[in-house]
Every structure is written in structure tokens, then in C-alpha cells.
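K.L.:
got a predicted model here, sequence first, then my questions.
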Amino acid sequence: MRSILAAGLLISVMVFSSAGGWLSPASVGPEGAAESALENTDQIDDERSLPTFSDPIDIALKHMLRETSDNVQLQVIIQFEDGLAGKEKHVFLRQHGLQPIHSTRVVPAVFAIGPALAIEELANLEEVKWVEWNSPMEFYMNQTVDTIGARDVWDREILSKDRTTTVEHKIIRGDGVTIVVLDSGIDATHPDLDYNPQSPTNPSKPDSGDKVIYNAKLDQGSGSTTPSFAWIPMQNTDTTSGHGTHVAGTVAGNGDASADDKLGVAPNAWLIGLSMGEAVFTIDEYSALEYVFELSAPGTATQDAWNIRVVTNSWGPGFPFDSADSNDLTVQIIDKLSWDNNVAVIFANGNDGGDGSDDRSNIFAKVPSAIGVAAANRNGVGMSDFSSRGDQSDITTWPDVSAPGVDIWSAAARSTMIGGGTGVGDFGTGNLDYYYLSISGTSMATPHVAGLVALMFQAAPSLRMSNVDEDLSEEGDPSLYDPTGIAPPATAARPIHEAELILKLTADRIITGENIATSVNSSGVNGRTLDYTQGYGMVNAEKAVAAALALQQLRDTDGDGKIDNFEVDVWDVVNLTDDILFDHPVTRSGDQLKAVWQGEFAVFSSGSDFPPASAHRKEIWVPAGATRMVADMNYQPLPTNILCPTGANLRLALDKDGDGVYEEDNVNGVELTFQGGLEVGAWWGYDVQGNAAGTCLTPNPSTTGPRSPYDVELNIWLEPGDYTLTRNQSRDWIVTGLDSSEVTFERSWYLHVDAESLVPEDSTGLQGMFDWMQENWWVPLIIALLLLVLFIGFNENTRNSFIEWRQERSREARESEVYEAEILPEVTPISPSQSPLTLVTPKSSGVATEPFSSTAATVELVEVVEADVIIAEEVIEAEVITGDEIEIESEDVVVKAEVEKAEGEAENEEDVVTEAEIIEVESVDEGTEVGDTTDDDEDEELDAFLADFDDDDFD
């Protein structure tokens, strides 16, 4: 593999390797095809499936055994069928001609050395499960945080359900999350990588401003010394390469050496640096991953204090030695980190290029539980030519996502192969920078994704392994992956982490530029397109963090940090992302703009040096209408120790028009005035310049050079009026001062997933309502149309229902209570000529003069068992046809009855009752005249009732 500098300078860094294989179709199938693949990398068998049980010797070791003589000493790693790796296994290996060196812990295995013949014979023993070569590994060697949208993530505030900002972590910058940089080490003397050391034996929660909390180097031994595989803490563990320091700066550098210009993706996250040594092999990288596993194990003191959630890996064995088998030691520890410890494992996809005709992807990037990252151009247009391609016919070999990996500026380690001792800057443009350099590789793309995943873990601490399968099938394909080596087909699967699933669902496909796959692609999760070059495309930080935040809010509904809804998964938020991202202009009253920034002026060697002027340049937008400005800088040199006092002499230079020429040598404390205000707005450059000196005579890799932290406060006054700034222009400004001016700028938030809608800070009341209606005019229109349809369609029914309700209420108001009544079965209708009944009316014994109509209602005989006297009665839409007097055979006298249901026929324009149901009746005792009732009130009510039925009112 290679690390490509901006000018195309190639640095080959022999560092890592993994003999083990990967079990995806990245492997080459049958044994013969595998061997031919190693002999001729241009011809690889198209058959990409592996058996569930692997050959006991990995492909790379097969190649080495075939190419070497029997007596050549080879280093190997052996796993046994019983899963043990103790002293008895050391004895066993000695008996078979090998010398054991070290036993691993998490995945039990023995690292040993022996002649090729003995190793080949050992692999044939039934006690041996797997033998892999301890092969060498390679490292896959500013604007990019904007390319993936990280800076926009930092700008967004998190709103609560009531649409207010939260007290803690109101913005997402990686707070509270630790990222492990497993690489060549970290130079923690760099201003962006402050050293705040802790001990794993006595850890505590780091302060919010801490950066590198633990930095250690693996003891690989030297010469004839047996390696102890112990980890030795030191401030600078990156003394020969500089690769790891560059990676660390990309993932979480705090930007102190560039006035926040060259920030890492997660600038507030904590870092752990683990240097695997100078010449790195499989056993070294496994030992490092094993150490990460132990530090991050749930319930341990280190995990409780440090919250390790991400490990970034920009290394791999390199094509064509990317063997593929689930028994590989590194594959197993990657799975255990993901499944047991919930640590997201990020891997570079490799720098071996390709055209899709074969598989060039890093085997560890293809582990389903890991996230494989391809390298795109720094501006997100097109792919790099060096990024490893998968086999276009095998989706399981394709990268997962892409990130910027070309000409990436990040922290430079001092006196290293990459850093060059004085800072090499950008070879392509000739720009030199004391603190940073620009290089290319999937190594540079990978920490972008690692930093983004840290942001996601801050937003959603509940992120976990998902039930979504890497090969997109529901149950998984056991021929592709089986970490145990014994899983039956029905249970073998390749699940991915929720962080990976979110990244894939929110990525932006790269459709323009160079080196992209134009004809070969496939449909992946949720129907999204992916290909063998870029995977699902460029990661989108804003959308990914929004999805993670929504997921956490649905799981933790009350915000207490405890999960309330375990069943909620990524699919519940996949369509909510756009609703959560909210942007709206905000207007502030004030005639003054204030900006504050910090940095650290540092020199990496003793003596006096003058870093280039661009090192601490801060770009600030100064709007038209500015009348005066004042910039104040404070700085205080820091002694590295009592033997190395430090002095500094700094100044604040000013470039008024952004052309790189500093018109003002030092504006610190100077008031600049502009008569009538500036006519046009422009980007102005403020640059901290000067020198710092220390008295140490001998540079020490673990001792910092002269350092001087500084802070700058800039105030600008505006003429009265209205001002509008874009998001970039307003990024550093705070509006203050008198209310003679108004400044409008874009604000952005993460809206709570349960919030109905956001009312902007300056758009409340009627104004807020009008603003909302302007943006959502179609909503009230649809509601009005719907109401109109309902009114037209249901108006008649509504009116009739209302009339019936009113009549029912009126009747109930007049009735007294009937306690018990029995309605006898219907009898034969009684005609007027046959009727033996007479109607007895109170105070009258006259016989009825009007006969029943021929269409009169059927009269039902009723027996009243027990009833109260009904005070009043209402007959609704019916004419009662009756006579003056009817006798009832039941010896009771019917006083009144309620007609509940009636049907009429039109006769002479009047309704005639043809059917009626008597539901309530009243009676008086036998032999008692109604008019003789002793209750005076009842007499009056009955008189009034019967008076309503005057003969003149009926036909």
C-alpha cells in the first residue's frame, strides 16, 4: 500500500499485516484458485463462496510454505480446537518443533516461530484448528470537514420538545466519547492534540477540554529480546512515521494551531493513541485490538470513565495477501469488539486501486461488523484512483461508504518520515505549514468516518448492533460468514452496526467526477444504490447525526439517559431526517458584532523559530457598514518543565482584503475607524505571528517545545441599518450593543422528533402564525376544501339530527317517570262499528261524534300493571284520530298515550295516522272517574292535555 502526498510523492510504509482471512467472497474459493491468485494477481477465480469449515492453513501462509525451503523460520499464530492457549499448548508446540513466544487472551491463540516443515506438519494435527502467517502490515497512506458536513453539525443546536435548547450538550462536537487511534502513534506535543494523561489502573472521567487521555506504545522487543507485548505510556508515541498523528488530527484535532481552521471531525472527543510499533505484523495489530477490547469491556473502570466507542484503523495486509477466512484472529477480535463491547470498528478499504475485475479491498474492511471506507476526492466530486475497488461481480467485497481522502490537511508530527522535521506542508502547491501537512490515502478517509461515528454516539449513546444483514439477505449466508466456524446455515448471519446502517441510509451518492463506476451498481438497503468503487457514497454528517438523535429520542422518551423503548430501531427514523433538520433566518438587534477564538502558538524544537504566517490565520467576514473595530489578543507562554522555561513575543497581523498580504503588521489593541462605514463586505484575515523560544539544549521526543496559548477578541461597530449575513459569514459572530441596527442571519437546529413545529425565536404570536402560513399555505387550503365538502355533504343530515335531538329533549322535559308497564300482544283491529269501547273524558260523559277513519291506526289493548300519571305529552308530526269516549275491556281507562312512531298518508293535504305504537300509558283505578282524581295538579294537567284534542283539530 502507499501514502500519497499532494505532489504525488509515494511513501511506502511497511507496517501491518494480517495473515488471517476474511470469510466473505473476497476469498478466492477452492485451494487451487487461491494459490493461483497469489501467484498471479490478475487472475482470480470468480467463485467467491467459502465453506463453513475452513482449511486449517490460511492462504498467505500456504503461499509462504510453497515458496520457502523446509528449514526457513516463519512466525505463525496457532489456534486450537479446544479453544485453549495456556502453558500446556506451549509444551505441545515445543514437542512439534516450534518455539512459543506469546499467548493471546481474548481470542486464545499462541504466537510461535518454527521451520516451515514443522509448521506444515503441525497443521495436519487434529488438535490444531487454524494456523496463520504473522504477515507484515501497511499504513494506507480543513476543507474536508465541510465536504462531509461536519461543520454544519457543530452549528446546529439541539431543541427539546418544548422547542428550547437543552442545558447539556446543546451542540454535537463529540463530547463525552473516546476514540482509539490504532496506528503508528500520536505526537501529543502537537497543539491540536493536548496531552492530558491518565492511567488505566486509576482512570477518571476526563475534563471537557482534555484531548489525548492515554498514549502508549507496544513493546515489540528488540534484537534477541523476547517481546513482552506490554504497553508503555509516553507523550509522543509517533516517533518514526507521523501517520498516526495525521489520523488523530483528522478524527478529533481541536484546531489550536490553526485558529480553528483545521479542526478534526469530532473536535471535542477524547483520544487514546496506541502505537503498534515500528515494523508491524499480525501479532502486533491483534495485540492492539485485544488491548482495546480489554479497555472497553463493559463494567471495567476504564470503560466507565472513558466511554470508548470508536476505534479507527488505517492499515491492512495489502493485496494480494488479503486472505479470507472467519477463523482469522483479527476478524474474531473485530467481531468481539462490536458485539461484546459495542465499539464501532472503522477500517480503511485500502490503496490498491483496481478496475472492478478483481477484489482489492482490505480484508478487515469487509468484516460485516466493521465499516469499510473508500477514498473520494477532497471536494466530494469523483473518487480517487488509488482507493481499493471490490470485485464488481461480488457485492460483499465492495466498500461500505466513502469520505474525503485526497490532499487532506491534518496534524504533522515532528521529526518523522512524513513530517520531515520542520513540517512539509503541501508538496503539490508549495505551501509550507509548520503544524500541518497534506497527504492522501484511504488512511485519511477513514478518520473522517470515525469522527462522524463519535458524533453519532454523542447524539445516540444507545447505538448498538442491528439485525440488518451485510449481504442484504434476511438470515444471512453461512457460506459468506460464520465467526464460530460451526454455525448451521439457518443461524449464520452477517449483521452490521446501527452506525453503519445509518451511514448507508444517509450517504450521498457521488454521480459526477472521475473514477466512478458508471455502469455497474446494485440495489442495497432500503433500495439505495451502491457500487464497487464508493459503496453507498459520501457520508453526510448532518443527516447521519439527525437520524441518530431521533433514534435516541424515541428510545429515551423522557431524556433521563435510560432506554424506555428497546424495540425502536433505525427503520423507525429513516424517514424523519429531513423533518428534524430545521433552518430559519433569525434577526437580532444590536450595533456591534463580537467574535472570540483561541489557539496555541508552539515550536516543536528548542531554540527560536518563526513559523510561516499562515499557521494561525483566522478568516472573519466584515460586513459593509462597519465603522470601527478593535482586536485584543492575550497570550501567556507555558514552561514545558522547570528545566525548559519558555518565552514568546506574538503579534496580530491583519490582511484587510484576503489577498494574503498583511497591510497591518500588528493591530493588537489598536482601534481602526472607517469614516462613513465600509462600502463593501470582505473576508479579513487575522494572523498570530511572532516567535517562541525555549532553553532546552537537547530535543526530547517526549518533551514539548516552546508553547504559548493565546485568545483573541474582535469587536466591530455598525452604522444604523439592517444587515443580512449568510451562515458562513455569521458563523463566528455574536450580535450585541445598542438596538440601532438589526442583523439577520441563518440559524439551524435539530428539531426534537416529538416537537410539532418550531416557532423561530423572533417569529412569535401573529407574526409567527403568518410566517408559518406563508411556508405552509397549502395546509389551510386543503382544510378549507375538506370542511366545505363536509358541510355540503352532511348539512341536511346534521339539521335533521339536531331537530330530533331538540324534540327528544323537549319530550323528556315534560314526562314523569313510568316505573313499570307491560304491553300486551297486538289484537284484532277494532272498527268504529264493532268497538265496545268508549272514551271517557274528565268532566264529560258525552259520546264521541267522530268515527275512526278507515285508515286509522290499529288500537292495541294494553294492561297497565303499575304506572305514574304522565304530566304532559307531545305528539310529534302525527295527527291523533280519536273519539270522545271509548270503553276499555281491561276495566282501566286510557287517559293519554304517546305516539312514538307514526307514518302518514297525504289526504287532503293533511297527514292521517296509519300506524302508531303506544309505548307509555297511564291509568286510573277501576270505578274511578278521571275527573274525580284527588290530586288537583293532575286534574289541571289532564284538562290541559285533553283540551289539545278538540274536535275541530281532527278530521
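P.N.:
Okay, I see it.

K.L.:
C-alpha from now on. contacts and neighbour counts both.
P.N.:
Will do.

K.L.:
tell me the domain ranges of this structure?
P.N.:
The chain resolves into domains spanning 10-133, 138-575, 588-755, 818-953 when parsed by automatic domain parsing.

K.L.:
weakest of these in terms of mean pLDDT?
P.N.:
Ranked by mean pLDDT, the domains of the chain end with domain 818-953 at the bottom, a mean of 43.

K.L.:
got the buried residues for stretch 127-139?
P.N.:
When burial is assessed from 16 or more other CA atoms under 10 Å, stretch 127-139 yields the following buried residues: 128-139.

K.L.:
how long is it end to end?
P.N.:
The first and final residues of stretch 127-139 sit 35 Å from each other (CA to CA, to the nearest Å).

K.L.:
again, but for stretch 678-687
P.N.:
21 Å.

K.L.:
Lys205 looks like it's in a helix, true?
P.N.:
No. Lys205 is assigned coil when assessed by DSSP: H, G, I helix; E, B strand; the rest coil, not a helix.

K.L.:
so which helix or strand takes in the spatially closest residue to it that is not a sequence neighbour?
P.N.:
Closest residue to Lys205 apart from its sequence neighbours, by CA to CA, 6 or more residues apart in numbering: Ala305 at 4.5 Å. Using DSSP states H and E, the element containing Ala305 is helix 301-306.

K.L.:
what does that helix rub up against?
P.N.:
Residues lying outside helix 301-306 but in contact with it, judged by CA atoms under 8 Å, 6 or more residues apart in numbering, are 176-178, 200-206, 295-298.

K.L.:
in these, which residue is surrounded by the most others?
P.N.:
Each of those was scored by neighbours using other CA atoms under 10 Å; the highest score is Thr178's, at 29 neighbours.

K.L.:
that one against Leu271, yeah?
P.N.:
Yes. Using CA atoms under 8 Å, Thr178 and Leu271 qualify as a contacting pair, with a distance of 5.5 Å.

K.L.:
helix or strand: which one has Leu455?
P.N.:
Short version, using DSSP H and E: Leu455 is in helix 442-459.

K.L.:
same thing with Ala112?
P.N.:
Counting by DSSP H and E, the secondary-structure element that holds Ala112 is strand 110-115.

K.L.:
hmm, who's touching that strand?
P.N.:
By CA under 8 Å, 6+ apart, the list of residues contacting strand 110-115 from outside reads 70-79, 85, 89-90, 97-104, 283.

K.L.:
strand partners of that strand, parallel vs antiparallel please.
P.N.:
Strand partners for strand 110-115, identified by DSSP bridges, are recorded as strand 73-80 (antiparallel), strand 99-103 (antiparallel).

K.L.:
the buried residues of stretch 127-139 into CSV, with extra columns for secondary structure and distance to Glu157?
P.N.:
As requested, the buried residues of stretch 127-139 are exported to CSV (DSSP: H, G, I helix; E, B strand; the rest coil; distance: CA to CA, whole Å):
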residue, secondary structure, distance to Glu157
Val128, strand, 56
Lys129, strand, 53
Trp130, strand, 52
Val131, strand, 52
Glu132, strand, 50
Trp133, strand, 50
Asn134, coil, 48
Ser135, coil, 48
Pro136, strand, 46
Met137, coil, 42
Glu138, strand, 40
Phe139, strand, 37
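
K.L.:
any chance of TSV for those, columns distance to Asp210?
P.N.:
Output for these, formatted as TSV (distance: CA to CA, whole Å):
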residue	distance to Asp210
Val128	47
Lys129	45
Trp130	43
Val131	42
Glu132	40
Trp133	40
Asn134	37
Ser135	36
Pro136	34
Met137	31
Glu138	30
Phe139	27
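
K.L.:
nearest to Glu742 among those residues?
P.N.:
Of all the buried residues of stretch 127-139, Glu742 sits closest to Phe139, with 52.8 Å by CA to CA.

K.L.:
the closest one reaches Phe347, doesn't it?
P.N.:
No. Phe139 is beyond contact range of Phe347, at 11.2 Å (criterion: CA under 8 Å).

K.L.:
now for those two: what residues contact both?
P.N.:
With contacts defined as CA under 8 Å, 6+ apart, the residues shared by Phe139 and Phe347 are 314-315.

K.L.:
quick one: the strands in the stretch 301-450 of the chain?
P.N.:
Remark: strands assigned in the stretch 301-450 of the chain by DSSP state E, counting those that start in this stretch are 308-313, 315-316, 344-348, 370-376, 401-404, 408-411, 436-440.

K.L.:
swap in the stretch 551-700 of the chain?
P.N.:
Using DSSP E, counting those that start in this stretch, strands in the stretch 551-700 of the chain cover 581-589, 592-602, 607-609, 617-622, 626-635, 646-655, 671-673, 682-694.

K.L.:
just checking, what packs against the first one?
P.N.:
Read that as strand 581-589. The helices and strands touching strand 581-589, judged by 3 or more CA pairs under 8 Å, 6 or more residues apart in numbering; DSSP states H and E, are strand 734-736, strand 741-750.
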